[in-house]
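Participant: Got a predicted model here, sequence first, then my questions.
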Amino acid sequence: MESISKIYRKEMRRVIFSLFVCVLLVVSTVPSMRAVTNRWVQKREVPPRLTSATNPPKIEIFFWGGTQFGVNADIHYDGTDEFLNVDWSLQVKGSFFGFPLKNGSGAIAIHNHESRWVSSGLFFGMGPFTVTARANTVETTSKGFIFLFLVIMPQ
């Protein structure tokens, strides 16, 4: 016959595990796409780019690699105007089932020679995924892997 303390411990483990699963499911459904202003973000080096004298790029998108929570992308503007209004969107598709994991969009103003980053926020899945970022007419695609809520992207 089991003692009451053993039964109580088993029940508490089951309750804690159930609460953890519920929190993960709720957090994964909350739309948290956002653009973050430069004052909260550390300055990051923008990789060198190839320029063409006839058609220099004005908007570039860089994904942050490594292990992180969510997908982060830098939108860099390098043009002739003082600032540019950019309509952006992030679409994360994949996992083992191929359904959209996270979608979001917004509009930001970027000053010349500056970067702003956008983030997907926390999402939930398992397996490989593809992320597509758009800023006005520029589109960049990258692949990664997600395990529960931990995102692994190549550098």
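Facilitator: Yes, it's here.
Participant: going forward, measure contacts between C-alpha atoms and count neighbours the same way
Facilitator: Fine.
Participant: Break this structure down into its domains, please.
Facilitator: If you go by automatic domain parsing, the domain ranges for the chain are 1-30, 33-153.
Participant: Point out the most buried one among these.
Facilitator: Ranked by average neighbour count under the criterion mean count of other C-alpha atoms under 10 Å, these are headed by domain 33-153 at a mean of 16.
Participant: where's that domain relative to the chain centroid, distance-wise?
Facilitator: What separates the centre of domain 33-153 from the centre of its chain is 7 Å, taken as C-alpha atoms, centre = their mean, to the nearest Å.
Participant: contacting residues around residue 143?
Facilitator: Residues in contact with residue 143 (C-alpha atoms under 8 Å, 6 or more residues apart in numbering) are 128, 129, 130, 131, 153, 154.
Participant: ok, now with 7 Å
Facilitator: Residue 143 makes contacts with 129, 130, 131, 153, as judged by C-alpha atoms under 7 Å, 6 or more residues apart in numbering.
Participant: swap in residue 75?
Facilitator: With C-alpha under 7 Å, 6+ apart, residue 75 has these contacts: 59, 60, 61, 62, 115, 116, 117.
Participant: and it, what pLDDT?
Facilitator: On the pLDDT scale, residue 75 is placed at 90.
Participant: Residue 43 now?
Facilitator: 47.
Participant: got the residue ranges for the strands in this protein?
Facilitator: Listed in chain order, the strands of the chain (DSSP state E) span residues 34-36, 59-63, 66-68, 72-77, 83-94, 99-111, 114-119, 125-135, 138-148, 150-153.
Participant: Out of those strands, which gets nearest to residue 15?
Facilitator: Among the strands of the chain, strand 138-148 comes nearest to residue 15, with 20.0 Å by C-alpha to C-alpha.
Participant: So what's the model's average confidence on stretch 63-70?
Facilitator: Here the average pLDDT along stretch 63-70 is 78.
Participant: can you dump the C-alpha coordinates of that stretch into CSV?
Facilitator: What follows is stretch 63-70 as a C-alpha-only set of coordinates in CSV (Å, rounded to 0.1, in the frame of the first residue of the first chain):
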residue,chain,number,x,y,z
PHE,A,63,18.7,36.8,-40.2
TRP,A,64,20.4,36.2,-36.9
GLY,A,65,21.9,32.8,-36.6
GLY,A,66,22.7,30.6,-33.6
THR,A,67,20.4,29.3,-30.9
GLN,A,68,17.6,31.6,-29.8
PHE,A,69,13.9,31.9,-29.0
GLY,A,70,12.0,33.0,-32.1
